[in-house]
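Peer 1: Have a look at this fold, sequence not included:
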Ligand SMILES: Nc1ncnc2c1ncn2[C@@H]1O[C@H](COP(=O)(O)OP(=O)(O)OP(=O)(O)O)[C@@H](O)[C@H]1O
């Protein structure tokens, strides 16, 4: 099967510094692909280019076989390529269900004319959006916080709402950026289980930057390792953990170093 996402020989420079250097990688449809690497490896810069937040200096990025480099995030969003984002400050005073209903494409205001043209009233449209939001809440089992203000949620609950927002449109691929950071283990388990269900039951493809090797081990196959702006290895987590060059890139030759967060951590 053709990859859903293909990065071909992509470079990004900042002034005289090359953050991403001639990277090529693929993300297969229907999988959960991990992207790992030491701090400063270029992972976020690569994600920013895939998600339309940053243009490559050179190279191509293909989504479903079509070039997308240089397109804006909202254009990619319309095609089903989504990145989770922290709930914006101005949305923290809205409830969880209202946050879901505000997702672009689901907003009655934005689609007012379209709704009229199709002969639907705005009221009917809003009912549909609310029903979808309720479905998402049921799927993710977050009904107990549906009417809570987003600003009052814990860090992990906010991550679940970020994931929920991607379900308000028909996502084909979702980019997840360090979803485990600052989330307690119980909630992280919920989030991981939901990612697995979205992948299995709804056909979402995920592309995941993560420092938490337990989460990578649970979710991701394959795992792509970046170091110093380049893709250095792709394989299963076990293969990668057995690769001396990867261990060297993480620990500078000291595999016993920071084993709680590094590639050598137990999976
Ligand atoms: N806007 C920018 N201007 C200048 N340099 C940048 C810019 N963005 C990133 N860099 C540099 O590019 C390199 C790669 O950064 P990037 O954030 O992509 O790494 P990363 O692998 O995501 O790291 P981390 O795991 O710490 O988030 C770093 O040296 C960083 O300082």
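Peer 2: Cool, got the structure. In this text, all values refer to a predicted model and were calculated from it rather than measured experimentally.
Peer 1: is stretch 15-31 anywhere near the ligand?
Peer 2: Yes - applying Cβ under 6 Å from any ligand atom, one finds that stretch 15-31 is in contact with the ligand at 17, 19. In this view, the C-beta of every residue, glycine as well, is placed from N, C-alpha and C.
Peer 1: Need the residues that contact that stretch.
Peer 2: With Cβ atoms under 8 Å, 6 or more residues apart in numbering as the test, stretch 15-31 has contacts from 1-13, 33, 42, 45-46, 49, 56, 59, 173, 199, 203, 205-207, 221-222, 224, 226, 228-231, 234.
Peer 1: can you tell me which of those residues are in strands?
Peer 2: Among those, the members found in strands (DSSP state E) are 3-13, 33, 59, 173, 205-207, 224, 226, 230-231, 234.
Peer 1: From those residues, keep the buried residues only.
Peer 2: By neighbour count, with 16 or more other Cβ atoms under 10 Å, those hold 3-8, 10-12, 33, 59, 173, 205-207, 224, 226, 230-231, 234 as buried.
Peer 1: and the residue of the stretch 51-200 of the chain found nearest the ligand, what pLDDT?
Peer 2: Residue nearest to the ligand within the stretch 51-200 of the chain: residue 178 (7.5 Å; Cβ to the nearest ligand atom). With respect to pLDDT, residue 178 scores 89.
Peer 1: One more: residue 252?
Peer 2: 71.
Peer 1: in which helix or strand would I find the nearest residue to residue 103 once chain neighbours are set aside?
Peer 2: In space, and not counting its chain neighbours, residue 103 is closest to residue 168: 3.9 Å by Cβ to Cβ, 6 or more residues apart in numbering. Residue 168 is part of no helix or strand, with elements assigned from DSSP states H and E.
Peer 1: And for residue 133?
Peer 2: Using DSSP H and E, residue 133 falls in helix 122-140.
Peer 1: Then residue 78?
Peer 2: Following DSSP H and E, one finds residue 78 within helix 73-79.
Peer 1: Report the buried residues of that helix.
Peer 2: In helix 73-79, counting by 16+ other Cβ under 10 Å, buried: 73, 76, 77.
Peer 1: so what strands line up beside the helix or strand just after that helix?
Peer 2: Downstream of helix 73-79, the first helix or strand assigned by DSSP H and E is strand 81-83. Its sheet considered, strand 81-83 pairs with strand 173-177 (parallel) by DSSP bridges.
Peer 1: how about the nearest residue to residue 10, chain neighbours excluded?
Peer 2: Per Cβ to Cβ, 6+ apart, closest to residue 10 is residue 59, 3.3 Å.
Peer 1: With residue 75 instead?
Peer 2: Once flanking residues are discounted, residue 75 sits nearest to residue 52: 6.8 Å by Cβ to Cβ, 6+ apart.
Peer 1: can you tell me which residues contact the one you found?
Peer 2: Counting by Cβ under 8 Å, 6+ apart, residue 52 touches 68, 70, 71, 72, 73, 75, 76.
Peer 1: export these to CSV and tack on distance to residue 91 and pLDDT?
Peer 2: Formatted as CSV, the contacts of residue 52 follow (distance: Cβ to Cβ, whole Å; pLDDT from 0 to 100):
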residue, distance to residue 91, pLDDT
68, 27, 97
70, 28, 88
71, 25, 94
72, 21, 92
73, 17, 90
75, 22, 90
76, 21, 92
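Peer 1: of all these, which two lie farthest apart?
Peer 2: The span of the contacts of residue 52, defined through Cβ to Cβ, is set by 70 and 73 at 11.6 Å.
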